[in-house]
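Asks: I'd like to go over a predicted model; first the sequence, then the structure.
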Amino acid sequence: MTSKVYVALRVKATPERAFAVFTQEIGDWWRPNGLFQTTPRPPGRLAFEDGRLIETLADGKVFEIGKVLVWEPADRLVFSWRQASFPPDLHTEVEVRFEAVGAETRVSVEHRGFDRVPAESAARHGFPDQALLARLAEWWQAQLRSVAGRAG
């Protein structure tokens, strides 16, 4: 079984604009969440840089959240995702698609691989799979609303 969430939202922008906002302006629209924070420190600023998704913390330290696996501007983005509380060799995967729908763009996010996160991991906060995935879906929905607000 693969634990994954899928959320989508229409954005009042072209696929090119939505992709640019998602990738180039992530530091402006990203909304931290205590359940899915990447490090135990106060949130930093996210950026896609040198083929990686990174978070630069207030003290200047950089945490690599993941590596870009697919970069297809205005179409698709795939990157690995890890939280500091994950075991060192564990990551999940995020796929973002940008599909023109009339004058808008459907931005969809599929975050998969939480079945590999051990039940005792701090990243699960003691939640069983269904509750964890529901919270993860709510969080990605909020992120997409933030993208939509920035892109439109």
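Replies: Thanks, I have it. Numbering: from 1, shown residues only.
Asks: the worst-scoring helix or strand of the chain on mean pLDDT: how far from the chain's middle?
Replies: For the chain, scoring each helix and strand by mean pLDDT, DSSP states H and E identifies helix 129-151 as the least confident one, at a mean of 93. Shown here is helix 129-151, whose average C-alpha point lies 9 Å from the average C-alpha point of the whole chain (Cα atoms, centre = their mean, to the nearest Å).
Asks: check what contacts it and list those residues.
Replies: Counting contacts by Cβ atoms under 8 Å, 6 or more residues apart in numbering, the residues outside helix 129-151 that touch it are 3-13, 17-18, 21-22, 25, 28-31, 33, 35-36, 105, 107, 109, 111, 114-115, 124-125, 127. Any C-beta I mention is one placed from the backbone N, CA and C, and that applies to glycine too.
Asks: quick check, residue 30 in contact with residue 46.
Replies: Yes. Look at residue 30 against residue 46 with Cβ atoms under 8 Å: they come within range, at 4.9 Å.
Asks: residue 113: neighbouring residues, count only.
Replies: Close neighbours of residue 113, defined as other Cβ atoms under 10 Å, add up to 17.
Asks: check what pLDDT it gets.
Replies: Per-residue pLDDT puts residue 113 at 91.
Asks: how about it: what's its closest non-neighbour residue?
Replies: The shortest distance from residue 113 to any residue other than its chain neighbours is 3.6 Å, reached at residue 92 (Cβ to Cβ, 6 or more residues apart in numbering).
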